[in-house]
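# I would like the atomic coordinates for the input below:
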Amino acid sequence: RKRSRQGLVDIFNEIVDQLTRSGTVPDGVLSLIDPDHRPATGGTPGDGGALVMVDDDPFLPLPVNDVQLRIIRQVDVSAHTLVQGPPGTGKTHTAAALLSHLLARGQRVLVTAHTDRALKEVRDKLPAAIRPLSVAVVGTAREDMSDLKLAVEGIAAAATEHDPEVARTTIQHCRDTIDTLRRRRAELHRQLVAVRELEVRAHEKAGYQGTLAGIARQHQEQTERFGWLTDYVDVDTGRDAPAADEVTEWRGYLLDATLASDEPEACQRLLDLATVPAPRVFADLVAAERAAARADTAQSTHKNHPAFDSVRRLDPAVRGQVRERLHRLAEQADELARRPEAWMADALADVRTGRSAIWSGRGRQLADLIAAAEPLIERLGPLAEVDVADGNPSVLVTLANEVRQHLADGGKLRTGSDGMPKLGALAPKAVKQAHPLFAHVRVDGLPPTTPERLDTFVMWMDATKILAALDRAWPDTTRPPADDTLHERLQWHSAEYAQLHRVLRLATALWTEQRHLADVGLPRPDWTDLAAVRAYADLVDAAAAADGLATATAPLARIIRVL
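Below is the predicted model:
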């Protein structure tokens, strides 16, 4: 449909008004007005950021081709860069790689597009490590606002949880990995050069001369002429061809009738019985091989797992440790999933998908609040009763503190037989002003007219305030008990926090296990699928069964070779 351009007109008018009021045109805007103006740039290609050069080879969080790498370097040195191309040429991938590079340089990036779909495609292309940190507002739907909230909370959590020591350790680990791969590449290059040298070097073998490929061609060309020899003799490629007199001698043997009549028996060979096992031992070897084959067949479904070959290459002791840790993690996650807490499902889902930062921040907040509430509630004791009928809590606390100070300074507070203070014309000002306090507050059934009752009321209000903050610290789906005593409410929060602490320990264990698996060359399991995690652990049994079959088959293979 035809769209109104009034919005763009209003924007341009606002820009003109701001430029007129300020009297200056920003360097970046000036180039849009004056085509001959070139804004100053201080960057150099690949200066900082995510672009890393290793032996003249560029590395980025996302793979790029030569054209995409040239675009990234152009952005480093130019204020404006236009990238144009038809659909499918990699513009979205280039934008994601450029975002990774600029964010690594500490810059902020704004991405705009005509459609929401384009923005979502760019965000989906980002590396998984920074995708949760992208603040995206692409609409007003509940899902879009939820994504915005998660991104902001993730950025805040990342900012507060940053550990320089962990960052340095991670950087050093990456550098060590790069160094190991660099040495591995150099070794492979050396091997390739050696193989190539072997291919082009001239050889002399069994009367043939030339390269290995040339000798193979010569041998192949003579196959039709001399191939019949292999029907009568095993040709040893390590020996030279027989001389003419040897050939004549062999021909005489072939035509000798006496030798021909003895040939059937002469071709037979006597087997040394010492080279093969006794019948009972052989039967045991066969039974062991059959049992190993059954065990291996029972594990056949695991052999199609992508990580099976990697697991089998591990040392058996390391494999056992991996299996034990994975089973333990799956049991912990399964046990937590059966917990009745309302927030548990969401927490486990976030932890198993790598989004534990939000719950870590919530855990620290809960721990601080519980630590602040415990001494107050402990001092109040289980028998303290405080009733507040009406009034602003903050005002009542202020009045209580003023009365407490009045008494501490030696002031008097006279009370009647009902415990209420006498508020006559000669009553102190602090006592008169505290009339709402005496009217609406009861401590153990009496107005707070003594220092002890005033202290009890203030502590009760502070504890109530902290417990209210604890209530708000949990997700909206969690409803803490409101009618329990202060002790019971604190115990409820402490119990819930204990379960959250278990979830956070699981998150740490998952992250640690992921690093362990990466160190031994194993792919990351799908933590969201406990059955898949257990199947991953069962790969150890499948690898052990395959090793057992190979071990049980080896003695029989040696016997076959002997026979």
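# List the buried residues of stretch 106-118.
If you call a residue buried by 16 or more other Cβ atoms under 10 Å, then stretch 106-118 has these buried ones: A118. The way it works is simple: take the backbone N, C-alpha and C, and place the C-beta from them, glycine included.
# now do stretch 188-200
Buried residues in stretch 188-200 (16+ other Cβ under 10 Å): none.
# Next: stretch 392-409.
For stretch 392-409, using 16+ other Cβ under 10 Å, the buried residues are L396, V397, L399, A400, N401, E402, V403, R404, H406, L407.
# go on, stretch 338-356?
Neighbour-count burial for stretch 338-356 [16+ other Cβ under 10 Å]: E341, W343, M344, A347, L348, D350, V351, R352, G354, R355, S356.
# Could you do stretch 438-451 as well?
F438, V441, R442, V443, P447, P448, T449, T450.
# Now do the SS call for the third one.
To tie it back to what came earlier, the one meant is R442. At R442, secondary structure determined by DSSP: H, G, I helix; E, B strand; the rest coil is strand.
# Quick check: pLDDT value at it.
For R442, the pLDDT comes out at 86.
# For the residue nearest to it when sequence neighbours are not counted, which three-state class applies?
In space, and not counting its chain neighbours, R442 is closest to D387: 4.5 Å by Cβ to Cβ, 6 or more residues apart in numbering. State at D387, reduced to three classes by three-state DSSP: strand.
# roughly how far apart are D387 and T464?
Note on D387: its distance to T464, by Cβ to Cβ, to the nearest Å, is 12 Å.
# who has more neighbours, those two?
Neighbour tally, D387 and T464, criterion other Cβ atoms under 10 Å: the higher count belongs to T464, 17 against 11.
# give me the number of residues near D262?
D262: 10 neighbours (other Cβ under 10 Å).
# Just to be sure, it is in a strand?
No: counting by three-state DSSP, D262 falls outside a strand, being helix.
# Could you measure from it over to V247?
22 Å.
# go on, A434?
Counting by Cβ to Cβ - A434 and V247 are separated by 129 Å.
# do the same with Y497
Taken as Cβ to Cβ, the span from Y497 to V247 is 94 Å.
# now swap in L563 and tell me
Applying Cβ to Cβ, the value for L563 to V247 is 33 Å.
# neighbour count winner among these two?
For L563 versus V247, the count of surrounding residues by other Cβ under 10 Å is larger for V247: 11 against 8.
# Contacts for the helix or strand containing that one next, please.
Counting by DSSP states H and E, the element that carries V247 is helix 244-255. Helix 244-255 has contacts (Cβ atoms under 8 Å, 6 or more residues apart in numbering) with P242, L259, A260.
# now swap in stretch 102-114 and tell me
So stretch 102-114 is contacted by D47, G48, G49, A50, V75, A95, L99, L119, V122, I130 (Cβ under 8 Å, 6+ apart).
# try stretch 218-226
Y208, G210.
# now swap in stretch 413-430 and tell me
402-403, 405-407, 411-412, 431-432, 434-435, 438, 446-447, 449.
# In that stretch, which residues are buried?
L413, P421, L423, A427, P428, A430.
# quick check, nearest of those residues to T20?
A430 (59.5 Å; Cβ to Cβ).
# Tell me which helix or strand comes right after the helix or strand bottoming out on mean pLDDT in the chain.
None of the helices or strands of the chain scores lower by mean pLDDT, DSSP states H and E than strand 52-54, at a mean of 69. For strand 52-54, the following helix or strand on the C-terminal side (DSSP H and E) is strand 57-59.
# before we move on, the earlier item: how about the buried residues of stretch 392-409 in JSON lines, adding pLDDT?
Conversion of the buried residues of stretch 392-409 to JSON lines gives the following (pLDDT from 0 to 100):
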{"residue": "L396", "pLDDT": "86"}
{"residue": "V397", "pLDDT": "86"}
{"residue": "L399", "pLDDT": "86"}
{"residue": "A400", "pLDDT": "86"}
{"residue": "N401", "pLDDT": "88"}
{"residue": "E402", "pLDDT": "87"}
{"residue": "V403", "pLDDT": "83"}
{"residue": "R404", "pLDDT": "84"}
{"residue": "H406", "pLDDT": "85"}
{"residue": "L407", "pLDDT": "84"}
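# With distance to E221 as added columns, please give those in JSON lines.
Shown next, in JSON lines, are the buried residues of stretch 392-409 (distance: Cβ to Cβ, whole Å):
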{"residue": "L396", "distance to E221": "109"}
{"residue": "V397", "distance to E221": "106"}
{"residue": "L399", "distance to E221": "113"}
{"residue": "A400", "distance to E221": "111"}
{"residue": "N401", "distance to E221": "109"}
{"residue": "E402", "distance to E221": "114"}
{"residue": "V403", "distance to E221": "116"}
{"residue": "R404", "distance to E221": "113"}
{"residue": "H406", "distance to E221": "119"}
{"residue": "L407", "distance to E221": "118"}
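# Among these, which lie within helices?
Judged by DSSP state H, helices contain the following of those: L396, V397, L399, A400, N401, E402, V403, R404, H406, L407.
# what's near enough to touch A283?
Applying Cβ under 8 Å, 6+ apart, no residues qualify as near A283.
# Can you check my assumption that it lies in a helix?
Yes: assignment of A283 by three-state DSSP places it within a helix.
# Can you spell out which helices and strands pack onto the host helix or strand of I178?
In the assignment (DSSP H and E), I178 maps to helix 164-200. Where contact means 3 or more Cβ pairs under 8 Å, 6 or more residues apart in numbering; DSSP states H and E, helix 164-200 is packed against helix 212-221.
# Could you rerun that using 10 Å?
strand 52-54, strand 57-59, helix 212-221, helix 486-519 (3 or more Cβ pairs under 10 Å, 6 or more residues apart in numbering; DSSP states H and E).
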